[in-house]
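S.K.: my questions concern the predicted model and sequence given below.
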Amino acid sequence: MSKKLYVLLSVLLVAAFVLAACGKAAPAPSKTEAPKKPFRIAVVLPSSINDLAFSQSMYQALLAVQKKMGGKDAMQFVYSDGMYKVDDAAAAIRDYASQGYDLVIAHGSQYGSSLQEIAPDFPKTSFAWGTTVDTFGMPNVFAYEAASEEGGYVNGVMAAKLSKSGVLGVIGPIETGDASRYVQGFIAGAKATNPNIKVNVTWTGSFSDVSAAAEAANTHISAGADALTGTAQMVVGAIGVAKEKNVLWFGTQADQSSLAPNIVVANQVYHWEVVLTKMIDLIQHGTLGGQSFTINLKNGGEVIEYNPQYNLPPEVKKAAEDAIKGIEDGSIKIELKK
């Protein structure tokens with residue numbers, strides 16, 4: 001009898017354990033976050049990404065931002081370069097917007113009217129354009145510009161210091177935007193250094209006409225210029241002439257030293273990543289536009305890079321560094337014509 005009771009109690013005990021086990025809640029499945037989508041940028045450029053000028057400055061900035069954000073998993077970008085025809089650029093801008101890019105950049109003042117028409121059709125897409133501060137009052141348009149007169153001033157100081165003839169030549173594209181500001185700054189820096197120096201300026205009427213820039217460089221040299229500068233992608237033509245005639249060159253927008261290491265003295269290099277990172281942060285927090293930004297020497301958006309292969313006299317470099325400091329602390333003020 002006791003043996004049967006023992007067996008019965010054992011069976012009941014096992015059953016109790018089974019029931020207890022069945023009553024336990026199954027462990028909750030581990031939650032895995034959905035992979036974060038990369039921030040996507042599309043940019044339309046008026047010239048090639050290796051133009052050693054305006055377009056290259058933006059391309060290099062995008063690469064820098066991509067690296068800073070953690071690579072292609074965090075930020076991706078595509079581009080259309082050589083968009084010198086405004087109609088083609090407008091079609092590319094609209095196409096990128098329709099593909100749902102987070103930010104579409106129209107990198108050229110000539111694209112403003114196109115952007116003004118396209119942006120209202122894509123209210124959830126952010127657009128940016130430069131160089132300007134005009135957002136058209138639209139909540140999804142950013143604008144950006146370069147205080148290029150600052151680096152222009154510094155280059156002008158060095159040019160005036162190095163010139164033996166007392167004549168400088170400037171080759172500009174169209175008298176607008178950062179080109180106009182750069183030329184004004186260069187003249188101001190040269191005149192502040194040597195009030196008697198002569199600065200001749202030629203506007204070619206084109207951002208991309210390399211032959212016109214070369215012709216202008218020859219004209220300046222014939223008039224006695226022993227140092228030249230210029231802006232826009234056309235300047236490769238002028239630099240070629242400067243190299244041939246052994247005339248000094250001062251660059252802007254991108255580092256142009258590789259074209260003529262023996263005669264390029266220094267370059268004002270644009271670092272658009274300073275404003276790109278601000279725009280990206282705003283977009284990620286819900287602000288799609290309505291603000292404008294400026295790169296300059298103080299915020300690191302413009303940097304004077306001396307060509308290491310050119311033997312710049314210490315006193316000239318000191319004059320340049322003093323000018324940079326003066327611009328940054330406000331003791332040097334550059335007046336621009338309106």
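M.R.: Noted; the coordinates are in hand. Numbering: from 1, shown residues only.
S.K.: how about the nearest residue to the residue nearest to the spatial centre of the chain, chain neighbours excluded?
M.R.: The residue lying closest to the centre of the chain (Cα atoms, centre = their mean) is Trp272, at 2.7 Å. Nearest residue to Trp272, sequence neighbours excluded (Cβ to Cβ, 6 or more residues apart in numbering): Ala61, at 3.6 Å. All C-beta spots, glycine's among them, are computed from the backbone N, C-alpha and C.
S.K.: so the residue nearest to the centre of the chain sits right up against Glu302, yeah?
M.R.: No. In this structure, Trp272 is not within contact of Glu302 by Cβ atoms under 8 Å, at 10.1 Å.
S.K.: find residues that contact each of those two.
M.R.: Ile295 (Cβ atoms under 8 Å, 6 or more residues apart in numbering).
S.K.: tell me the contacts of the residue nearest to the centre of the chain?
M.R.: 57-58, 61, 144, 295, 301.
S.K.: what does Arg181 give?
M.R.: Contacts of Arg181 by Cβ under 8 Å, 6+ apart are 146-149, 152, 336.
S.K.: run the last query once more with 6 Å
M.R.: 148-149 (Cβ atoms under 6 Å, 6 or more residues apart in numbering).
S.K.: tell me how many other residues surround Val141.
M.R.: 26 (other Cβ atoms under 10 Å).
S.K.: again with Asp51
M.R.: Other residues close to Asp51 by other Cβ under 10 Å number 24.
S.K.: swap in the one 4 residues further on?
M.R.: Using other Cβ under 10 Å, Ser55 has 26 other residues around it.
S.K.: I figured it hits Ala61, correct?
M.R.: No. Using Cβ atoms under 6 Å, Ser55 is not in contact with Ala61, being 10.8 Å away.
S.K.: tell me which helix or strand of this structure sits lowest on mean pLDDT?
M.R.: Within the chain, confidence by mean pLDDT, DSSP states H and E is lowest for helix 2-23 among all helices and strands, at a mean of 46.
S.K.: just the CA trace of the helix or strand hosting Arg40, in CSV.
M.R.: Per DSSP states H and E, Arg40 falls inside strand 39-44. Presented in CSV, the C-alpha positions along strand 39-44 are these (Å, rounded to 0.1, in the frame of the first residue of the first chain):
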residue,chain,number,x,y,z
PHE,A,39,21.7,60.5,-45.7
ARG,A,40,21.5,60.9,-49.5
ILE,A,41,22.8,64.0,-51.4
ALA,A,42,22.7,64.8,-55.1
VAL,A,43,24.7,67.7,-56.5
VAL,A,44,24.7,69.4,-59.9
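S.K.: partner strands of that strand, parallel or antiparallel?
M.R.: Neighbouring strands of strand 39-44 in its sheet, by DSSP bridges, are strand 75-80 (parallel), strand 103-107 (parallel).
S.K.: the strands in the chain, which residues?
M.R.: All strands of the chain, identified by DSSP state E, fall at 39-44, 75-80, 103-107, 126-130, 141-146, 167-172, 198-203, 227-230, 248-253, 264-270, 292-295, 302-306.
S.K.: figure out which of those strands is closest to Gln116.
M.R.: strand 141-146 (8.2 Å; Cβ to Cβ).
S.K.: now do the closest one: distance to the chain's middle.
M.R.: 10 Å (Cα atoms, centre = their mean, to the nearest Å).
S.K.: what's the angle from the strand holding Arg40 to strand 126-130?
M.R.: 40 degrees (axes from the mean of the first three to the mean of the last three Cα atoms, to 10 degrees).
S.K.: gap between strand 39-44 and the chain center?
M.R.: Worked out by Cα atoms, centre = their mean, strand 39-44 lies 13 Å from the chain centre.
S.K.: which other residues reach it?
M.R.: Contacts for strand 39-44 (Cβ under 6 Å, 6+ apart): 75-80, 83, 89, 92-93, 96, 101-107.
S.K.: thinking again about what came up before, okay, the strands of the chain in TSV with mean pLDDT and distance to Tyr182 next?
M.R.: Listed next are these as TSV, based on pLDDT from 0 to 100; distance: least, Cβ to Cβ, whole Å:
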stretch	mean pLDDT	distance to Tyr182
strand 39-44	98	22
strand 75-80	98	24
strand 103-107	98	17
strand 126-130	98	14
strand 141-146	98	8
strand 167-172	98	8
strand 198-203	98	11
strand 227-230	98	8
strand 248-253	98	5
strand 264-270	98	8
strand 292-295	98	13
strand 302-306	98	10
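S.K.: cool, thanks, talk later.
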